[in-house]
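**Q** dropping a prediction and its sequence here:
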Amino acid sequence: MVFAVLQRIGQMIFVMFGISALVFLIFFATPGSDPAARLAGRNASPETVEAVRKEFGFDRPLPVQYAIMMKRLFITQDLTSFVNRGYKIVPAVASAAPVTLSLVAGAAILWLIGGVFVGVVAALTRDSWIDRGLMALALIGVSMPVYWLGEVMNLVTQSRFHDTWLFSWVPALGYKPLLVDPVGWFKTLIIPWFTLAVLYIGIYGRVLRANLVEAYQEDFIRTARAKGLSPARVMIRHALRTSLIPFVTMFGLDFGVLVGGAALLTEVVFSLNGVGRLTYQALLNLDLPMILGTVMYASFFVVLANALVDVVYVLIDPRVRAD
Amino acid sequence: MTDASNTVLNDPALPTAVAARPASGPWQRSWRILKRDRATLLAAAVLILIILSSLAAPFYARYVSGTDPFRSNLSARITIDGKRTKVMQASTEGLGLGVTPIGPTWSAQYMLGADTQGRDVAARLLYGGRNSLLIAASSTAICLFFAAVVGISAGFFGGVVDKVLSRILDILWAFPVYLLAISLSIVFISQGIVIGPVEITGDSLLLPIFIIGIIYVPYVARPVRGRVLSLKESEFVLAARGLGIPAWRILVYDILPNVSTMLIVFVPLMMGLNIITESSLSFLSIGVQAPDASWGTIIQDGQTLLYTRPAVALAPGIAIVLTVLSLNVLGDSLRDALDPRTKLV
Amino acid sequence: MEQKDKPILLDVDGLSVSFATDRGPVRAVSDVSFRVHEGEILSIVGESGSGKSVTLLSLLGLHDRKTTQVQGAVSFRGQHLLDLPASRMRAIRGKEIGLISQDPMTALTPVYTIGWQIAEQIRAHEAISARAARKRAIELLGEVGLSNPGEAVDRYPHQLSGGMRQRAVIAMALSCNPALLVADEPTTALDVTVQAQVLDLILRLRKDFGSAIILITHDMGVVAEVADEVAVMYAGRIVERGRTEQLFSAPMHPYTWGLMASIPPLSGARLPRLRSIPGMPPTPETIPPGCGFAPRCAFVQPACAEPPPLHRAGDQAALCIIDDTERPALRRAALPLEETP
């Protein structure tokens, strides 16, 4: 047990190091790159560029730069932005995290319910028009770019139908903290939740339907039916229960990546100042300290999600449990 | 010995359909399944229509819309229903300051209206479609090529090759795709790539093509490796090895045909995914660079006009949804017909 | 015939099963009739794909209703199974008719313990507490010969060997004291030594529980050992049926001859070559209109293109053109061993 935990922590450090080093290299060691010139601006004089180089320490060897930045990020936690001087990285990420977590957690609840509903209903009504309709909708959901769907939702709820009874409750874009204004929090997030969930409802519904249809070909489902169980019990306790195992892996990884910042398109479209938007803006400004901070944060969640998936796996699948 | 009747009971169409007609090979059978499915035919028709109209973009710009879709036309005037109108009209909203581009005219000129630069959205939509489809197709080819090379080498040669490749893929798996795509795009688009005598400028289409082509390699290489591994243990390959057939022959005659059907199934699915990825990057203005267009950049152009001229953002989005939907439908039926085991997660 | 005096438990009359395929319906089982008396063992023999499993699954209502059409009459203790509403059918399945599947490796849901799965079946049919159901499960596991039932009850299927799993499946099928046990090739997937044990177990349980058994198999040796009655199936039809002793001493159908000739003899000189039936059984789509066995039959005649007539000899009956006068000579040709003991 202790060994497993240590192994996990080792893996986490390895992955976080790998990702940060990769980002570092992308920004410093790609052919023709000169961070000082980029920071100084397009038409800066050579003297300015040289001054910038000195000031930000770009003249030092790469490993030293990397080590200093990591120390200021994790140990002294006083790493500041290159672009907004004095703007500290750690508090910035910490204040963006609740926004992303609110967005992703709500969407995850929606997409789990929606995905299970679509998958189960389609599998139960296999080859009927209900099944075909649900699968067509799921495929449309998978085929829509999330930022475009967000814009369409904005168009409908903020502009075209905002003055009707349907969407007059929708507040202006932005985020309201849960603890300060719970009702406002819920109202501002409901449309983003739905927008983000649509893609995943499509994916999860399709995968679950395929898994269930496959499960229904299994002998153990025939055994369950031969036992005289009700169709609902056969579906929920036997088919769904065994199909959930791959489902959990998918969910863990998707959730981890989204909390880490992959929801940035949704955040951009709905003006939510979450981690994804922070990462994107840091990337646009080539603000390396901020990029490293957000990337560390993202990889932490990816690895954490992987670890949680493994734990849940052991809980729900006796076959991987050690005797 | 197992009793085949159980399988027959569960899925009568599959085993009997093959056995009943010895003359129909797997390709004929696949074709029959594809042909039977009306949704597939519809999807193929939509896709062909979209490709053809994208190819016709220069003709449309020249003979129908009649304006240059890559230059600002802020002072242009056009004639609609015999009336001369400005393309950029005085704003009627808010304080009445500034100008609003003309909305959809539903006639030859400015059919879908103009964007903030006064350019014809319909013409740009067709040109954008060209770029979107070109980037998606090229990056799909790159992705499948590298994924096949990596997956087959790792799976077939095993040992050290497999260990090294699998480790690298593991790290890339832990690297969120969006992060990889965005950081690569920003760096390369801001400075271009210079490798020896070759210089690729930041606004070249090659950049999004290569970036999108690379980022999904781990996701395709992994199932390819898995398939090669399972093929390597399959009875017909073991039998061939037992007969002393050399490894390269097994690779060429047993492994490659099997993997290639899998890759064919990936083509439409990856193209759909790549169209969405390209449009997302372009929407974040780190994909196709102005004045070039892609569906993503037009949606971005339309963002500021969303509430006044929604057609600018809506039209390319609908084009994306139709194209990706058709590709996904094709991918699904291709998979059912060729290779029911393939899963793209 | 003391067995004949027992009441009829299951009466299948004219059962036909068709599958919908992409080229129209295809008949997999046609006009199958048989009876099972209480406490009796009926064995249905045939090659893979002859429609044995399809027949039984469709009379249990376990077929896929969307793609499968079942016709005919099935009467179980006076109830017409094919016409019963789904809920009434469920009350019979698992309680009055138990199913033992072919492959114990896949027949149990992998994520639940053996005990949980047995208790689930008991509690689906009887209003008893979880604790009492678990106690029953332990008792049942003991009765099917698991050495440590108190421990086995909390085991997951993957933790048990194939033989132990099949015993668990049998315990589950027996958990509600069914009047009829349907065993679909219960020993096929097991090792030979375990096969014998499981077969003995089924025989012993019939005595203890008094259940009638329908045993599906392709193994003539198993049939000879355990069955009271035999039905030989080929290409979706019962081509011959009768009491076991009669059928083995005087088989009537050339297909039965072929099956019997392919059993290696236990004594006597070793055969240079084991006899086998040439060719492959047809798929449901390629069953010829007349006698289904005609393409592989050594004694085929032009008249075999027509549906064959039913010949009876006492309780025994066969669907074949060969009549009583020519049969003994042809049988001698097909089964030389039988006549030289």
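**A** Great, that's in hand.
**Q** can you pull the buried residues of the helix or strand hosting residue A:6?
**A** Under the criterion of DSSP states H and E, residue A:6 resides in helix A:2-28. Residues A:8, A:12, A:15-16, A:18-20, A:22-24, A:26-28 are the ones in helix A:2-28 that count as buried (16 or more other CB atoms under 10 Å in any protein chain shown). For the C-beta atoms, the positions are set from N, CA and C on the backbone; glycine is no exception.
**Q** got a list of contacts for the next helix or strand after it?
**A** Proceeding N to C from helix A:2-28, the next assigned helix or strand is helix A:35-40, under DSSP H and E. Here helix A:35-40 makes contact (CB atoms under 8 Å, 6 or more residues apart in numbering or on different chains) with A:27-28, A:44, A:48-50, A:52-53, A:56, A:58, A:82, A:286, A:288, B:190-191.
**Q** which bits of the stretch 51-200 of chain C sit near chain B?
**A** For the stretch 51-200 of chain C, the residues in contact with chain B (CB under 8 Å from any CB of the partner chain) are C:51-54, C:57, C:63-64, C:67-68, C:102-103, C:184-185, C:188-189.
**Q** and the residue of the stretch 151-300 of chain A found nearest chain B, how close does it get to residue C:18?
**A** Here the stretch 151-300 of chain A gets closest to chain B at one residue, residue A:159, 4.2 Å apart by CB to the nearest CB. Residue A:159 is 58 Å from residue C:18, where distance means CB to CB, to the nearest Å.
**Q** who's more crowded, those two?
**A** A side-by-side neighbour count of residue A:159 and residue C:18, using other CB atoms under 10 Å in any protein chain shown, places residue C:18 first with 20 against 14.
**Q** confirm that that one sits in a strand.
**A** Yes - with DSSP: H, G, I helix; E, B strand; the rest coil as the criterion, residue C:18 is part of a strand.
**Q** buried stuff in stretch B:152-162?
**A** Quick answer for stretch B:152-162 (16+ other CB under 10 Å): B:152-156, B:162.
**Q** now those in a markdown table, with distance to chain A?
**A** Supplementary listing: the buried residues of stretch B:152-162 in a markdown table, determined by distance: CB to the nearest CB, whole Å:
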| residue | distance to chain A |
| --- | --- |
| B:152 | 25 |
| B:153 | 22 |
| B:154 | 19 |
| B:155 | 21 |
| B:156 | 26 |
| B:162 | 19 |
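**Q** which of the residues of the stretch 51-200 of chain C next to chain B come close to chain A?
**A** Subset of these in contact with chain A: C:57, C:102-103, counting by CB under 8 Å from any CB.
**Q** about what we covered before: out of the buried residues of helix A:2-28, the closest to chain C would be?
**A** Using CB to the nearest CB, the buried residues of helix A:2-28 come closest to chain C at residue A:8, 24.5 Å.
**Q** which residue does the stretch 201-341 of chain C have closest to chain A?
**A** Residue nearest to chain A within the stretch 201-341 of chain C (CB to the nearest CB): residue C:214, separated by 13.2 Å.
**Q** quick one: secondary structure of that residue?
**A** In three-state terms, and counting by three-state DSSP, residue C:214 is strand.
**Q** contacts only, for it.
**A** The contact partners of residue C:214, by CB under 8 Å, 6+ apart, come to C:10, C:36, C:41-44, C:56, C:180-183.
**Q** that one bridge partners, please.
**A** Beta-bridge partners for residue C:214, by DSSP bridges, are residue C:42, residue C:182.
**Q** and the contacts of residue C:214, which is closest to chain B?
**A** Out of the contacts of residue C:214, the member with the shortest distance to chain B (by CB to the nearest CB) is residue C:56, at 10.0 Å.
**Q** hang on, that closest one in a helix?
**A** Yes - counting by three-state DSSP, residue C:56 falls inside a helix.
**Q** right, and it touches residue C:184 too?
**A** Yes - Residue C:56 is in contact with residue C:184 according to CB atoms under 8 Å; the separation is 6.4 Å.
**Q** what about the two, which has more around it?
**A** Using other CB under 10 Å as the criterion, residue C:56 and residue C:184 rank with residue C:184 on top: 26 against 21.
**Q** so among the residues of the stretch 51-200 of chain C next to chain B, where is pLDDT lowest?
**A** For those, the weakest pLDDT value sits at residue C:189, with 75.
**Q** count of neighbours near that residue?
**A** 20.
**Q** for the record, mean pLDDT for stretch A:236-255?
**A** Stretch A:236-255 comes out with an average pLDDT of 89.
**Q** is that stretch positioned near chain B?
**A** Yes - Stretch A:236-255 is in contact with chain B by CB under 8 Å from any CB, via residue A:250.
**Q** from the buried residues of helix A:2-28, which is closest to residue B:181?
**A** Proximity of those to residue B:181, judged by CB to CB, is greatest for residue A:26, which lies at 11.3 Å.
**Q** the closest residue to chain C within the stretch 101-250 of chain A sits in which helix or strand?
**A** Nearest to chain C, among the residues of the stretch 101-250 of chain A, is residue A:228, at 3.1 Å (CB to the nearest CB). Secondary structure here is read from DSSP H and E; on that basis residue A:228 sits in neither a helix nor a strand.
**Q** what sits closest to it if chain neighbours are left out?
**A** Closest residue in space to residue A:228, ignoring its immediate chain neighbours: residue C:94 at 3.1 Å, by CB to CB, 6 or more residues apart in numbering or on different chains.
**Q** got phi/psi on residue B:114?
**A** Main-chain torsions, residue B:114, degrees, to the nearest 10: phi -120, psi 160.
**Q** next, count neighbours for residue A:128.
**A** Neighbour number of residue A:128 under other CB under 10 Å is 12.
**Q** confidence score at it?
**A** Residue A:128 carries a pLDDT value of 87.
**Q** what does residue B:21 give?
**A** Looking at residue B:21, its pLDDT is 39.
**Q** who touches both of residue C:56 and residue C:184?
**A** Any residue near both residue C:56 and residue C:184 by CB under 8 Å, 6+ apart counts here, and that gives residue C:216.
**Q** top helix in chain A by residue count?
**A** Across chain A, the longest stretch assigned as helix under DSSP state H is helix A:89-124.
**Q** for whichever helix or strand comes after that helix, which positions count as buried?
**A** As assigned by DSSP H and E, the chain's next helix or strand after helix A:89-124 is helix A:129-143. Residues of helix A:129-143 classed as buried: A:131, A:134-135, A:137-143 (neighbour count, 16+ other CB under 10 Å).
**Q** which strands or helices does the helix or strand following helix A:129-143 pack on?
**A** Per DSSP H and E, the first helix or strand lying C-terminal to helix A:129-143 is helix A:146-154. Packed against helix A:146-154, as judged by 3 or more CB pairs under 8 Å, 6 or more residues apart in numbering or on different chains; DSSP states H and E, are the following elements: helix A:182-215, helix A:264-269, helix B:256-283, helix B:295-303, helix B:311-338.
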